[in-house]
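> Predicted model and sequence below, questions to follow.
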Amino acid sequence: QVQLVESGGGLVQAGGSLRLSCAASGSIVSINIMGWYRQAPGKQRELVATITYGGGTNYADSVKGRFTISRDNAKNTVYLQMNSLKPEDTAVYYCYADVSTYYRGSYVRYWGQGTQVTVSS
């Protein structure tokens, strides 16, 4: 089994910063892509950012220039540094990882439990 544990959410004023972390643990052989989604009340889940094992990144247009995704492969951890936060960034943020395990060689997507980010105006 694989577990993803998120941390770092909270309440911040507009213009502020937060850093989310997501650590994967369990019977991990390798992790391919890691990333973050978010879901605001009444809205569909939105892809925020992704990062490959080699460090290639991709961002939603709405967060480009403000958010930075990074990862520590030795720690199986992905981060999301969020700067210049806006009220419209308010959402539950979910991390994911495409993981190959000792029990299943192909990559399977696992999800974190979600962490609330609230940006006040």
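That came through, no problem.
> what about the strands in this protein?
2-7, 10-13, 18-26, 28-39, 46-51, 57-59, 67-72, 77-82, 91-101, 108-111, 115-120 (DSSP state E).
> give me every residue that touches the residue positioned nearest the centre of the chain.
Nearest to the geometric centre of the chain sits W36, at 3.0 Å (C-alpha atoms, centre = their mean). With contact set as C-beta atoms under 8 Å, 6 or more residues apart in numbering, W36 has these partners: 20, 22, 47-50, 69, 78, 80, 93-96. Just so you know, the C-beta spots here come from the backbone N, C-alpha and C atoms, and that holds for glycine as well.
> Check the residues you listed for burial and list the buried ones.
Neighbour counting by 16 or more other C-beta atoms under 10 Å classes 20, 22, 48-50, 69, 78, 80, 93-96 among the contacts of W36 as buried.
> Count residues in the vicinity of S7, would you?
12 (other C-beta atoms under 10 Å).
> Done for today, thanks.
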